[in-house]
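1. Give the three-dimensional model of this entry:
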Amino acid sequence: MDKRAKTRYADKQKAAKQRLHIGKNEFVSWYTDQSDECAYCGLTFSELKELKLRKGKGYFVSWDIDCIEPKKGYAAGNLVLSCFVCNMAKGNALTVLEMKVVGPAVLEVWRARLDATS
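-> Residues are numbered from 1 along each chain as shown. Sure thing, here's the model as predicted:
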């Protein structure tokens with residue numbers, strides 16, 4: 001998980017440097033302290049890997065980092081791990097409370113796909 005944390009931090013440095021308000025060591029420590037699951041739907045990392053989801057030119061192999069309050073950017077206390085579908089669904093439009101409604105529906109879809117492949 002440490003390697004994934006460092007990679008995700010590097011990704012944010014490239015893509016959102018102006019919104020990055022947390023140092024690398026603090027980010028890695030935060031990331032590795034998290035449950036290895038989507039904060040909104042509860043999909044686990046092992047389930048995520050089993051789904052073999054395509055994203056762009058490759059496979060989705062890590063968590064997105066969602067800003068709880070987008071205007072605050074990537075700062076300590078404002079981050080959660082999320083699957084890319086939950087992160088896209090939330091965007092800047094939905095709140096964490098609203099995602100607690102949407103998340104279970106997303107997980108139902110993921111679990112149906114996992115059941116179909118077993």
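
2. Tell me the spacing between V106 and G91.
-> Between V106 and G91 the computed distance is 14 Å (CB to CB, to the nearest Å). Glycine gets a C-beta too; all of them are placed from N, C-alpha and C.

3. swap that for F60, sorry
-> 17 Å.

4. Identify the residues contacting W30.
-> Taking CB atoms under 8 Å, 6 or more residues apart in numbering, we find W30 in contact with 22, 76, 79.

5. sorry, that was for T44
-> 36-37.

6. so where is the chain shaky, pLDDT-wise?
-> 59, 61 (pLDDT under 70).

7. Residue nearest the middle of it, spatially speaking?
-> By CA atoms, centre = their mean, the chain has its centre lying nearest to S82, at 2.4 Å.

8. Now it: closest residue in space that isn't a chain neighbour?
-> Closest residue in space to S82, ignoring its immediate chain neighbours: D66 at 4.4 Å, by CB to CB, 6 or more residues apart in numbering.

9. Paired strands for the helix or strand containing the one you found, with orientation please.
-> Assigned by DSSP states H and E, D66 belongs to strand 64-67. Using DSSP bridges, strand 64-67 pairs in its sheet with strand 79-82 (antiparallel).

10. Quick one: residues in contact with the strand it pairs with.
-> If you take CB under 8 Å, 6+ apart as the criterion, strand 79-82 is touched by 22, 30-31, 34-40, 63-68, 90, 96.

11. Can you name the element that comes right after that strand?
-> In the C-terminal direction, the helix or strand that comes right after strand 79-82 (DSSP H and E) is helix 84-90.
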